[in-house]
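Engineer: please work out how this folds:
(2 chains)
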Amino acid sequence: MILAPQKGRALIVVGALASAFTALSFRLFDLHVLQHKELSALAQANREQVVHRQGRRGAILDVNGDLLANSLSVRIVTADGTVTGPQAGVIAEKLAPLLKVDVATLTQKLSSPSRYIRLNPRVKLDDDAVQRIRAMKLKGIYFEDQFVRSYPNGPLASHVIGFVDAEHKGVQGIEASMDEYLEGQAGYEVIERDRKGREIRALRSENLGPRDGYNVVLTIDQVIQHIAEQELEKAMARFRPQSAVIIVSRPKTGEILAMSSRPTFDPANLDASSPDARRNRCVSDVAEPGSTFKIVVCSGALNEGVVSLSDQFNCENGAFMYAGRVLHDAHPYGVLSVEEILFHSSNIGAAKVGLRLGPARLYEYIRRFGFGRKTGIALPGEVSGIAHPLSQWSGLSVTRIPMGHEIAVTPLQMIMAMNAIADGGTLMKPMVVKSVVDQDGTPVFQYQPQPVGQVIAPRTAQLMTVALRKVVSPEGTAPQAAVQNFDVAGKTGTAQKIENGQYVRKYYSSFIGYFPAANPQVSILVSLDDPTEGAYYGGSVAGPVFRAVAEKVAQYLGIEPQTQQAQVAQLS
Amino acid sequence: MRRNRKREYLRFGTVTKSFLACGCIAISGLGYVWQKNAIYRLGDDIKHREAALSSAQKRNAMLAAQLAHWQSPAELESRCQQYGLNLVAPKESQVVRLYEPGKEWDLQMANAPLPARPQTWPPSRNMQAKALARR
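Structural biologist: Numbering: from 1, shown residues only, chains lettered A, B, ... in the order given. Here you go, the predicted structure:
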């Protein structure tokens, strides 16, 4: 039998329990029904995470597939400044030796209020260092994988290859011009993590993997590039010029086999170089070409039929008065044929050939040879040079331009013009990129040699080659450029520099040549800006450098010496 | 009464069906759990293989860069000097060039009649057996 007080207590307990369960039920209803949308989104956001993955940047390869640049994945250490701030000094002391930074700098970084601080953006951490840092169990210190650009050959071909910025974007050279192909495509994954933060792979809902960038194959041959750079270094040490360039190319295709400038830089250590050293002088620097430009006026005059190689001009014994100004030759000459004008490099002779050709036709040939406009090479920073329009020419221009004054050209324009003569009068577009291939080596784009136009007739080109072969003969201006067993055709240039609008006693010494003259395989341009020790004539300064490069390149490429060719011809 | 009692006996078929139904449900449940486990296990496998692939790719890139460095002309030259190998490029007089027949020769060969086949072509089984015996 239940007593009244007991019944009352029981009712209170039952009532309390009922109220509690009602409250709980309501709360459950509230959480599961009324707030379902917001809370389920919140729960999903806690579990799910969108992870962005960066595609690897493509590699840059030389013509033989040797690696010139690629991207390496390295582990970097990051910090959350809001966590590390209070203990910045202690953490910095532990990490500084492993990250190879000084403690003060690291303390300053760790004290920053930023939630994302990169502690070693430049230092590559090895696995041992990563394990040691992990073992320290430092709060607010994390690891992250990041790509860094690697240049295994150091400064070799650095002006062609270029470099990337901290964001892995191309800034200069092929890295910049082919950035859209080299750059990989980022991908993303929507993942779920367990309570320990590990991904539950089975619950990955979206998976769009990153695409690695394409590889770019250059026409550059790293061995020829090395030969060119080695000889350039020797020339820098011997003649101490302000700068120097060498370009090696194939006249028939316009392929650039080597392109080197001094001063140079190491793309992996940009801080150690000045912006001046990073400039590719082959495409971005212009200068008056000097006597090498005589090939343009003589080609034009021969092509128009206004002169023949044997036509003679009075070279006025070294002083020619025209339009009230006296034009001088380096050595006094009497009567010279056009051929002799070329191999003796007579300014007066070239001026008289220019006068016979006339300003309009001279200007036409300047344009035909590609001066005053960009060559279109796949390298950034190329300039057009300066070729004033005919309307801006003075009365003297027609006598000054034939000897390479009043005009400014890039070394690349000059070698392409010489290539046109070597290749039977066809001007080619310079090629530095051979193909773009995917990661498996399957070609995506294949670049073909591109003729710009027929500048002069093949017969004219042959006549020019006949004359240019004598430049390296003992009576020419560059006997030191002669290569044993090979017939070389070329032209020297010794241009006075202009400073503050005045010609000064400083020179651009250059030599451009090709060989074998009868069937050109290789053309080489050597140019030194202001050689300060020893000679300054193009033949004496650039000529020996040309020969040294040519001998090694001929051996490397297996170009058949002409003596053997002649023997075979006799046998057949 | 008897008839009613008889009806209270459990029928074998009913029991079997019940067991089968319970068994099916249990197997379905266990199968579901097993499959879920398999999915998670395979997911983990995929994750580990992805990590291994990524790690191999990283290592490959690293080794490629290292190889390229070792094969670079500058490095090879410095090693030659370091080990005193005295390697030099051959002189032109030391090079023997072998000349391939020219295009005309190729055309002649292309148009030339093919050499006659042996009379017994393809070789008979007996000939094959004899050849084997000779060996």
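Engineer: where does the prediction get shaky in the stretch 101-250 of chain A?
Structural biologist: Within the stretch 101-250 of chain A, the ranges that satisfy pLDDT under 70 run A:121-124.
Engineer: what does it put close to chain B?
Structural biologist: The stretch 101-250 of chain A comes close to chain B at residues A:150, A:152-154, A:156, A:199-204, A:222-223, A:226-227, as judged by C-beta under 8 Å from any C-beta of the partner chain. All C-beta spots, glycine's among them, are computed from the backbone N, C-alpha and C.
Engineer: and those residues, which are buried?
Structural biologist: With burial judged by 16 or more other C-beta atoms under 10 Å in any protein chain shown, the buried subset of these is A:150, A:152-154, A:156, A:199, A:201-204, A:222-223, A:226-227.
Engineer: confidence score at B:Asn111?
Structural biologist: On the pLDDT scale, B:Asn111 is placed at 61.
Engineer: what residues does chain B have near chain A?
Structural biologist: B:39-40, B:42-44, B:46-47, B:50, B:57-58, B:61-62, B:64-69, B:71-74, B:89, B:92, B:97, B:99.
Engineer: swap in 7 Å and give it another go.
Structural biologist: Counting by C-beta under 7 Å from any C-beta of the partner chain, the residues of chain B lying close to chain A are B:39-40, B:43-44, B:46-47, B:58, B:61-62, B:64-65, B:68-69, B:71-74, B:89, B:92, B:97, B:99.
Engineer: neighbours of A:Ala10, just the number please.
Structural biologist: Neighbourhood size, A:Ala10 [other C-beta atoms under 10 Å in any protein chain shown]: 11.
Engineer: and the gap between it and A:Ala18?
Structural biologist: Taking C-beta to C-beta, to the nearest Å as the measure, A:Ala10 falls 12 Å from A:Ala18.
Engineer: distance from the chain centre to stretch A:544-557, please.
Structural biologist: Taking C-alpha atoms, centre = their mean, to the nearest Å, the mean C-alpha location of stretch A:544-557 is offset from the chain mean by 23 Å.
Engineer: list the buried residues for that stretch?
Structural biologist: In stretch A:544-557, counting by 16+ other C-beta under 10 Å, buried: A:544-556.
Engineer: burial measure for residue 98, as a count.
Structural biologist: Using chain A. A:Leu98 has 19 nearby residues by other C-beta under 10 Å.
Engineer: was after chain B, sorry
Structural biologist: Neighbour tally, B:Leu98, other C-beta under 10 Å: 4.
Engineer: local confidence estimate at it?
Structural biologist: pLDDT, B:Leu98: 77.
Engineer: surely it forms part of a helix?
Structural biologist: No - assignment of B:Leu98 by DSSP: H, G, I helix; E, B strand; the rest coil gives coil, placing it outside any helix.
Engineer: hang on, the earlier thing: same list (the buried residues of stretch A:544-557) but as CSV, adding distance to chain B.
Structural biologist: Output for those, formatted as CSV (distance: C-beta to the nearest C-beta, whole Å):
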residue, distance to chain B
A:Pro544, 18
A:Val545, 18
A:Phe546, 18
A:Arg547, 15
A:Ala548, 13
A:Val549, 14
A:Ala550, 13
A:Glu551, 9
A:Lys552, 8
A:Val553, 11
A:Ala554, 9
A:Gln555, 5
A:Tyr556, 8
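Engineer: closest one of these to A:Met431?
Structural biologist: Within the buried residues of stretch A:544-557, proximity to A:Met431 (C-beta to C-beta) peaks at A:Val553, which comes in at 17.6 Å.
Engineer: whatever helix or strand the closest one lives in - what's its average pLDDT?
Structural biologist: Using DSSP states H and E, A:Val553 sits in helix A:538-557. Helix A:538-557 shows a mean pLDDT of 93 in the predicted model.
Engineer: stretch A:340-349 too?
Structural biologist: Over the span of stretch A:340-349, the pLDDT mean works out to 93.
Engineer: backbone dihedrals for the closest residue to A:Val286 other than its chain neighbours, please?
Structural biologist: Nearest residue to A:Val286, sequence neighbours excluded (C-beta to C-beta, 6 or more residues apart in numbering or on different chains): A:Ala408, at 3.9 Å. The phi/psi pair for A:Ala408 (degrees, to the nearest 10) reads phi -130, psi 130.
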